[in-house]
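Trainee: everything below, folded, please.
(2 chains)
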Amino acid sequence: MNGVAVHSALVCTETHNAICNIHNEATGKDLLISALNLYTSLTHQQVIMRMRLKLKTVFVLYFMVSLLGLIYALMQLGQRCDCRDHAKSKDQQISQLRGELQKLQEHIKTSQLSKKTDVPRIYVITPTYARLVQKAELTRLSHTFLHVPQLHWIVVEDAPQPTPLVTDFLAASGLTYTHLYKLTPKDRKLQEGDPSWLKPRGAEQRNEGLHWLREMGAAAKGKEAAALEEAVVYFADDDNTYSLQLFEEMRYTYRVSVWPVGLVGGMKFERPVVEDGKVVRFHTGWRPNRPFPIDMAGFAVSLRLILTNPQARFDGDAQMGFLESSFLQHLVTMDDLEPKADLCTKVLVWHTRTEKPKMKREDALQKQGLGSDPDVEV
Amino acid sequence: MPKRRDILAIVLIVLPWTLLITVWHQSAIAPLLAIRKVCHHLVKEILIIPERLTIHRQRLADDGTETRHDTGPATDSKEYCSQDKDIVEVVRTEYVYTRPPPWSDVLSTIHVITPTYSRPVQKAELTRLANTFLHVPNLHWILVEDSQRRTPLVTRLLRETGLNYTHLNVETPRNYKLRGDTRDPRIPRGTMQRNLALRWLRETFNSNSSQAGIVYFADDDNTYSLELFEEMRSTRKVSVWPVAFVGGLRYESPKVNAAGKVYGWKTVFDPHRPFAIDMAGFAINLRLILFKPQAYFKLRGVKGGYQESSLLRELVTLNDLEPKAANCTKILVWHTRTEKPVLVNEGKKGFTDPNVEI
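Mentor: Residues are numbered from 1 along each chain as shown, chains lettered A, B, ... in the order given. Have a look, this model is predicted:
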């Protein structure tokens, strides 16, 4: 009779009405019931024929419509939505805002001056070297640091003596700073044309910064020494990008605190994996078997730990990527790491790199002796 | 046999509906679909009196029935419509010291127009730009996204900085002929976004208002010194200064004669352009923008390096330019570019959690 029968329409005719009824209840189609009632009065043959046609088309149509509707809805879902904002009603928002406003005004009355002095100090060690973009990098870095209270910037130049550019810049920056310098020995220095990953950079300069801190720590007495007990040391490269929240996260570090770093290791971000409040491993795509597969910008060390471990330093001869491990493995084990940034789920620092500006025309002009005025500092 | 068909039929009918209902519940798209129609023009101000905090003005400029057509981009009328009609946020209680300096009635407002687009370094760039802007008093940041709708990343970032901002968006039309994803190469990047911002300024401010303003085009990857903003505040018509790392030189600068007037351009790349200057090398007084409402960046048919000229030649002549930065001898802005991060280890499926925002 009907070799193509796949459709439930035919099922209804061949089996009892009971199943059809269940079916109808499930779908809730009143017209089906009335149609069926109408057709039971006709002959069996006619019933079969008409039912087949009517119900079949109805079901086909229904199936197509529901499929289209599903596809449409799924497409809509493809767009991301910021659902949090729609959760509250306007009234709630207004009252919440009023409450915050009141809190703020109270905070103003009771708060200290903007330069809070009762929080642990952050020592930021930045190695830097002379290149075209140096002043620009230091400028925008200083703009970030100016927002952080109790920050002491230790700038270590890779130079035989302090350069006027950095000296003048630091003097005008408005920050609390220490200006050091340490020349990298020739064999460890990257040559022109070497890729940046060939030799680890900044090791000598960071060690110089640590050396200065240790000397200062030894010479400090009384209240100053007490302040140093709580201080934190952070290694910040001059081309990375730091959010202001990062410094608040690292401020209270007992030993070594860690957090995710964006745009590093060939991935969107690298991070320590935290379970039960402890770091169990590191989520990184590049050489995860290092003792500490973490970027320089991804951890901070308490000054206390540095002062009590005078032998801890960066190994300038370390393999690529092992520079951080060479320092950290003397200080702490993975168990003792303190995860920050919401248990290492937020990215608060990005390992950005600045392009080397193209100087073709400048070089051509220099050859002709018509280069731009060298007195103008860039 | 009938039994199997029966079950199959029931399954085929019930399955799509259950799927739909469960998935629908999990997401909140229902309100999203409802809001699409109605948009309000919402301007709210919260004035916080204590001098430590700033006056936090925030505008969500949305126009409901935008039907004007003009020389600007034609597709942006519906982009004005926002889905987010939240009321103004209050400054947060933490990080009070990071708030911008108090608003002054005496200083002129600097309207900084920044086009931006989504890419991995976007949040980083905007973060450090915001850190710089937080030091500048009376700064109004107009951030225009190159996107179909405002992204939550930028919305959240702007809110958390505490800056005085306006968040707009317009999408540069895509060149479907090539690959479906590349933008129209004939329109230089950022043009439509800057034009939208100019249009917004013209609609928001009228010529009679006494608010003094300066308009500056700042790209999100450049570096700006704080001194630059103070230099541009005294602009009467259009002021200019040197920019580092452009045109293949250490810096490009205008040529200034002994009388303090600009008479040429010290560049190698086509110094005979009407205005051989980078986008970051000039600022325009708001009054001039309002006085010449037809002046926009030319969208198409612009040769490389002539974009700035396409706007400036409608506004001012060489004679009227005001040299700043010690008669154009100091570098206060650097045209830095950020390397595109190499994300090889992400692989095809992505190694890292896509829900974490970078």
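Trainee: which bits of the stretch 251-358 of chain B sit near chain A?
Mentor: B:251, B:266, B:268-269, B:329-331, B:334-339, B:341-346, B:350-352, B:356-358 (CB under 8 Å from any CB of the partner chain). C-betas here are computed from N, CA, C, even on glycine.
Trainee: filter those to the buried ones?
Mentor: By neighbour count, with 16 or more other CB atoms under 10 Å in any protein chain shown, those hold B:251, B:266, B:268, B:330-331, B:334-338, B:341, B:343, B:345-346, B:351-352, B:358 as buried.
Trainee: sheet partners, orientation included, of the helix or strand residue B:215 falls within?
Mentor: If you go by DSSP states H and E, residue B:215 is part of strand B:213-217. Paired strands of strand B:213-217, with direction, are strand B:109-116 (parallel), strand B:282-285 (antiparallel) (DSSP bridges).
Trainee: C-alpha coordinates for it, CSV please?
Mentor: C-alpha atoms of strand B:213-217 as CSV (Å, rounded to 0.1, in the frame of the first residue of the first chain):
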residue,chain,number,x,y,z
GLY,B,213,36.8,72.3,23.3
ILE,B,214,39.7,70.8,21.4
VAL,B,215,39.4,67.8,19.2
TYR,B,216,42.3,65.3,18.9
PHE,B,217,42.6,62.1,17.0
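Trainee: please compute how far that strand lies from its chain's middle.
Mentor: 12 Å (CA atoms, centre = their mean, to the nearest Å).
Trainee: list the contacts of the helix or strand just after it.
Mentor: The first helix or strand that comes after strand B:213-217 along the chain, using DSSP H and E, is strand B:223-224. If you take CB atoms under 8 Å, 6 or more residues apart in numbering or on different chains as the criterion, strand B:223-224 is touched by A:136, A:137, A:139, A:140, B:132, B:218, B:280, B:332, B:333, B:334, B:336.
Trainee: do you know the pLDDT at residue 32?
Mentor: No chain in the question, so chain A it is. Here, the pLDDT recorded for residue A:32 equals 70.
Trainee: switch to chain B, please.
Mentor: 45.
Trainee: what about the closest residue to residue B:232 other than its chain neighbours, distance to residue B:321?
Mentor: Using CB to CB, 6 or more residues apart in numbering or on different chains and skipping the chain neighbours, the partner closest in space to residue B:232 is residue B:283 (4.0 Å). According to CB to CB, to the nearest Å, residue B:283 stands 11 Å off from residue B:321.
Trainee: what's the burial count for residue A:343?
Mentor: The local packing of residue A:343 (other CB atoms under 10 Å in any protein chain shown) involves 17 other residues.
Trainee: that one: what's it in contact with?
Mentor: Contacts of residue A:343 by CB under 8 Å, 6+ apart are A:274, A:277.
Trainee: confirm that it sits in a helix.
Mentor: Yes. Going by DSSP: H, G, I helix; E, B strand; the rest coil, the assignment for residue A:343 places it inside a helix.
Trainee: tell me where the chain has strands.
Mentor: Going with chain A. With DSSP state E as the criterion, chain A has strands at A:122-128, A:151-157, A:176-181, A:232-235, A:241-242, A:256-258, A:261-262, A:269-275, A:278-283, A:299-302, A:337-339, A:349-350.
Trainee: hmm, no, I was thinking of chain B.
Mentor: With DSSP E as the criterion, chain B has strands spanning B:42-46, B:56-60, B:109-116, B:139-145, B:164-169, B:213-217, B:223-224, B:238-240, B:243-244, B:251-256, B:262-266, B:282-285, B:321-323, B:333-334.
Trainee: for the longest one, output the C-alpha coordinates as PDB.
Mentor: The one in question is strand B:109-116. Output in PDB follows, covering the C-alpha atoms of strand B:109-116 (Å, rounded to 0.1, in the frame of the first residue of the first chain):
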ATOM      1  CA  THR B 109      37.800  70.200  27.200                       C
ATOM      2  CA  ILE B 110      39.900  67.900  25.100                       C
ATOM      3  CA  HIS B 111      37.800  65.500  23.100                       C
ATOM      4  CA  VAL B 112      40.000  62.600  22.200                       C
ATOM      5  CA  ILE B 113      38.600  60.500  19.300                       C
ATOM      6  CA  THR B 114      40.000  57.000  19.300                       C
ATOM      7  CA  PRO B 115      38.900  54.400  16.700                       C
ATOM      8  CA  THR B 116      39.500  50.800  17.900                       C
END
